[in-house]
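> Sequence and computational prediction follow.
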Amino acid sequence: MLLALLLLLGSGEIVWPPHQPNLPLFSSGPVFNLRGNAVAVTNASAHATSSAFIVTFGERLGGRRGMWTTTGVYSGLKLIHECCLHNGRGPEVRTDLASSIGVAVLTAGVFELFNKVGWLQWSKPSG
């Protein structure tokens, strides 16, 4: 984990010390930065996969309440990261938020739908 943090700091993906809050969500450029950019597609895929995993893990540990708590906390931390610890531009920020927060909320919504139609039983909270 420490090595990953050092690599992210060294590559400029995370800036330290944090800068003034800035979320260039409505800046100019294409909506997303995925067209013809293999690195951006890989990054978005990693965000989407980890987001779905985090929400699923929250559901497995805490049932429905754990799922929504995990989704909310993860979304808040992701917003802080994008605002204060990341030097992204408009298309990159929009892609990051859609592939992380968007996928997390969508995953939780799909779990809710699966429960409503009887395809999913909520996990019992651990502890």
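Done, it's in. None of the values given here were measured: they were computed from a predicted structure. Numbers count the residues shown, from 1 in each chain.
> pLDDT at the residue most central in space within the chain, what is it?
With distances taken as CA atoms, centre = their mean, the chain has residue 100 as the residue nearest its mean C-alpha position (2.5 Å). In this model, residue 100 is scored at 96, pLDDT.
> Also residue 77?
Predicted confidence (pLDDT) for residue 77: 92.
> Quick one: the strands in this structure, in order.
For the chain, no strands are identified by DSSP state E.
> Contact partners for residue 65?
The contact partners of residue 65, by CB atoms under 8 Å, 6 or more residues apart in numbering, come to residue 125. C-betas here are computed from N, CA, C, even on glycine.
> swap that for residue 85, sorry
For residue 85, the contact set (CB under 8 Å, 6+ apart) comprises 14-16, 18.
> mind putting those in a markdown table, pLDDT included?
What follows is the contacts of residue 85, written out as a markdown table (pLDDT from 0 to 100):
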| residue | pLDDT |
| --- | --- |
| 14 | 73 |
| 15 | 74 |
| 16 | 74 |
| 18 | 74 |
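> I'm done for today, thanks for sticking with me.
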